[in-house]
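**Q** Need the 3D shape of this:
(chains A and B)
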Protein chains: 2
Amino acid sequence: MTSRARSGAGRAGTARTGTAVVAGVDVGGTKVAVILVAADGTTLARAVRPMRTRSAPDGIEPIVNTIRAALAAAGTAVGDLVAIGVGVPGRVEPDGVVRLAANLGWHDIPLAARLSAEFGVPCAVGNDVRAAASGLLDHEVAGGIRNLAYVAVGTGIGAGLVLDGRLRLGSRGMAGEIGHVVVEPAGVTCSCGQRGCLETVASGPAIARRAAEAIAAGGSSVLAGVEPLSAKAVYEAAGAGDPLACAIVEEVGRALARAIVGLVLTCDLELVLLGGGVAGAGSVFLDPILNHLAELRAGSPFVAEMIPAGTVRSLPPVFDAVAWGGVALARTVAGTSAAPGPGAAGPISL
Amino acid sequence: MTSRARSGAGRAGTARTGTAVVAGVDVGGTKVAVILVAADGTTLARAVRPMRTRSAPDGIEPIVNTIRAALAAAGTAVGDLVAIGVGVPGRVEPDGVVRLAANLGWHDIPLAARLSAEFGVPCAVGNDVRAAASGLLDHEVAGGIRNLAYVAVGTGIGAGLVLDGRLRLGSRGMAGEIGHVVVEPAGVTCSCGQRGCLETVASGPAIARRAAEAIAAGGSSVLAGVEPLSAKAVYEAAGAGDPLACAIVEEVGRALARAIVGLVLTCDLELVLLGGGVAGAGSVFLDPILNHLAELRAGSPFVAEMIPAGTVRSLPPVFDAVAWGGVALARTVAGTSAAPGPGAAGPISL
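**A** Numbers count the residues shown, from 1 in each chain, chains lettered A, B, ... in the order given. Sure, this is the predicted structure:
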């Protein structure tokens, strides 16, 4: 009730200029990105600020400041803000409490209630990847397709599933946990305890680890001596033709292709959109996946029917998938008075 | 339009005794099973007849006869029948045309229209496994759970997915095609062209083939000389302690456990119900799956959280899953005048 009381006070004290906007927020481990979007879908402003989670334990302050910066950049009064939606890399309860966001060092942060109190508008918070899938559904990038997945490949690997035109969260808000589907039954042990999970092959840390291991085993590479070794460095080396790096990104492409085939067969999807930090490497990331899918298609009429060319794409690098997911979440609560919405809750990784 | 005109004539010519019933039909390769169910869910009668697809090319006659036999057994007038729902092992279009049912030798059979014309009531036809999943949702066996899968293990392997309380068919009515998810990347080539699909390990024909190969390779077994070798025979031998058969059913259990974990992680399901011909072997089929799930749980807190004990169960052997799926389909069209409904369409296997 406190948040609603403060909300009322906040609204009374701010001017309105007539253009209702929602804020879509992407909270990452190192930065906060905010887009302000009008009712017609026009993006009025974008702001990005460092996250600084170490100095501010609950990380609310940088989020507040970034939203204010976006409002200022758009020349929009705080009173024109009608709702906020936030995607967070972690496990979020339906009431907007961030239960666990390991990369942010957050436990049990009532983010929706705090932002709602701060700006005097309803706020919905959800897991970032699932929020992004929900946002893509409404966006022209999905072209009206009603069965799709957004697959984020980064520190972890997770998916948001849209079936019959709605984000499906499953029983515990965990639908899309493909990072822990086993792709190499005899593979290395994952942090989850299983062996050969997709994340042990194709996540950013796994890619860096594989390169380091190959070099430690005597492999020759331009990456030798690079410290710390990152997935980004591996993809740059692959892009420059380094054979060791090329072999690793081929393996990653094969594992992701296999996982994507499994996902499409399980859910009968028409579109799989790839994003996340590792996917940001561009064609050197995407091409091995597409090549392996083409091979699988050539060997299997069934795969060719179920996953025709064009099914799997990367999002444009400039596309703020999670912030647009925040916009989608915000729209679910715009016009309501309570802080938290029933938006995309749930974790993306352990 | 013909079927609607004949429908009207049919109704006018039949007596009604006041108890509205729907017929749920399970069309199998060797038999047709029909249950008649009243509005309150009471089963009034059950009838089973041989399928005889070879003598009647389109197989309509045995279906009609079995429905009539069930009506007679229940002492119900044809005029009390308000709808028919049919599960077919094949690919079914939304208009109730069976596009392909390989085990029945059917291509392009307008089953819904023909049954509708015959009985003067609306009829919906769907893929058997997906229909069964839909039927389970309404049934006490699912205990009100809204995210579940029915996994049929038989000649093929397929699933019906219920998410957020509704059967999800995907873009092409194919959601649940887990039989062609790869579980052994270096495994044998599947009929679909991929290598190591779940069906190459755990379908009825694969189980029989593996046993035959192990015996041909010199393995000692009570199954040596058994001709033809069936999955049923392998499970019977395993139940009697035959080591070769036990090793095979262990492999099958491991592959199914792994596939079920993948399915639950992908869709965040609360319940997985197993059925189909191979599952009919009972505890000698189910126990290896449950044992491997317990092992995976012991090794992974994440698996333990996502798939707690009790998540995976076999349907009671007497439960007519597909016929109950037919009942669920029938209810979607009861009260409508057109023949085909928008029910559970799509194929279960290639």
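
**Q** pLDDT averaged over the lengthiest helix in chain A, what's the number?
**A** Ranked by residue count under DSSP state H, the longest helix found in chain A is helix A:243-267. On average, the pLDDT along helix A:243-267 is 97.

**Q** now stretch A:84-97
**A** 94.

**Q** start to end distance for it?
**A** End-to-end distance for stretch A:84-97: 14 Å, by CA to CA, to the nearest Å.

**Q** which residues touch whichever residue of the stretch 1-150 of chain A sits closest to chain B?
**A** When distances are taken as CB to the nearest CB, the stretch 1-150 of chain A reaches nearest to chain B at A:Asn147, 4.5 Å away. Backbone N, C-alpha and C define where each C-beta goes, glycine included. Neighbouring residues of A:Asn147 by CB atoms under 8 Å, 6 or more residues apart in numbering or on different chains: A:Val162, A:Leu163, A:Asp164, A:Cys267, A:Asp268, A:Leu269, A:Glu270, A:Leu271, B:Gly170, B:Ser171.

**Q** re the thing from before, what residues of the longest helix of chain A count as buried?
**A** A:244-249, A:251-267 (16 or more other CB atoms under 10 Å in any protein chain shown).

**Q** same question, stretch A:24-32
**A** For stretch A:24-32, burial by neighbour count (16+ other CB under 10 Å) applies to A:Gly24, A:Val25, A:Asp26, A:Val27, A:Gly28, A:Val32.

**Q** Angles on the backbone of the closest residue to A:Arg99 other than its chain neighbours, please.
**A** Excluding its sequence neighbours, the residue lying closest to A:Arg99 (CB to CB, 6 or more residues apart in numbering or on different chains) is A:Arg91, at 4.5 Å. Backbone torsions for A:Arg91, taken as degrees, to the nearest 10, come to phi -100, psi 120.

**Q** number of nearby residues for A:Arg91?
**A** For A:Arg91, the neighbour count with other CB atoms under 10 Å in any protein chain shown is 23.

**Q** In which helix or strand does A:Val25 reside?
**A** Secondary structure from DSSP states H and E places A:Val25 in strand A:21-27.

**Q** CA atoms only for that strand - export them in PDB, please.
**A** Taking C-alpha atoms only, strand A:21-27 is exported to PDB below (Å, rounded to 0.1, in the frame of the first residue of the first chain):
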ATOM      1  CA  VAL A  21       4.800   7.200 -22.900                       C
ATOM      2  CA  VAL A  22       6.000   3.900 -21.500                       C
ATOM      3  CA  ALA A  23       9.600   3.100 -20.400                       C
ATOM      4  CA  GLY A  24      11.100  -0.200 -21.400                       C
ATOM      5  CA  VAL A  25      14.200  -1.000 -19.300                       C
ATOM      6  CA  ASP A  26      17.000  -3.500 -19.900                       C
ATOM      7  CA  VAL A  27      18.900  -4.100 -16.700                       C
END
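
**Q** State the mean pLDDT of that strand.
**A** So the average pLDDT for strand A:21-27 ends up being 96.

**Q** distance of the residue nearest the centre of chain A from A:Ser230?
**A** Nearest to the mean C-alpha position of chain A, counting by CA atoms, centre = their mean, stands A:Val129 at 3.4 Å. A:Val129 sits 21 Å away from A:Ser230, taking CB to CB, to the nearest Å as the criterion.

**Q** which residues does the residue in the stretch 251-350 of chain A that chain B sits nearest to contact?
**A** Closest residue of the stretch 251-350 of chain A to chain B, CB to the nearest CB: A:Asp268 (2.2 Å). By CB under 8 Å, 6+ apart, the contact list for A:Asp268 reads A:Asn147, A:Met306, B:Leu169, B:Gly170, B:Ser171, B:Arg172, B:Gly173, B:Met174, B:Ala175, B:Gly176, B:Glu177, B:Gly346.

**Q** dump the residue contacts of the residue nearest to it when sequence neighbours are not counted.
**A** Sequence neighbours aside, B:Gly170 is the residue nearest to A:Asp268 in space, at 2.2 Å (criterion: CB to CB, 6+ apart). Contacts for B:Gly170 (CB under 8 Å, 6+ apart) come out as A:Asn147, A:Leu163, A:Cys267, A:Asp268, A:Leu269, B:Gly176, B:Gly346.

**Q** Next one: B:Gly170, what pLDDT does it get?
**A** Confidence for B:Gly170, expressed as pLDDT, is 95.

**Q** Confirm it sits in a strand?
**A** No. Under the criterion used here (DSSP: H, G, I helix; E, B strand; the rest coil), B:Gly170 is coil, not part of a strand.

**Q** how near is it to A:Gly277?
**A** 29 Å.

**Q** A:Gly24 now?
**A** In terms of CB to CB, A:Gly24 sits 19 Å off from A:Gly277.

**Q** these two touch, right, A:Glu199 and A:Val181?
**A** No. Counting by CB atoms under 8 Å, A:Val181 is not a contact partner of A:Glu199; they are 9.3 Å apart.

**Q** Up against chain B, what does the stretch 251-350 of chain A have?
**A** Residues of the stretch 251-350 of chain A lying close to chain B (CB under 8 Å from any CB of the partner chain) are A:258, A:261-263, A:265-270, A:296, A:299-303, A:306, A:346, A:350.

**Q** one more time with 10 Å
**A** A:254-255, A:258-259, A:261-271, A:296-306, A:311, A:346, A:349-350 (CB under 10 Å from any CB of the partner chain).

**Q** Among the contacts of A:Asp268, name the buried ones.
**A** For the contacts of A:Asp268, buried by 16+ other CB under 10 Å: A:Asn147, A:Met306, B:Leu169, B:Gly170, B:Ser171, B:Arg172, B:Gly173, B:Met174, B:Ala175, B:Gly176, B:Glu177, B:Gly346.

**Q** For A:Val222, state which of the contacts of B:Gly170 is nearest.
**A** Nearest to A:Val222, judged by CB to CB, of the contacts of B:Gly170 is A:Leu269 at 37.5 Å.
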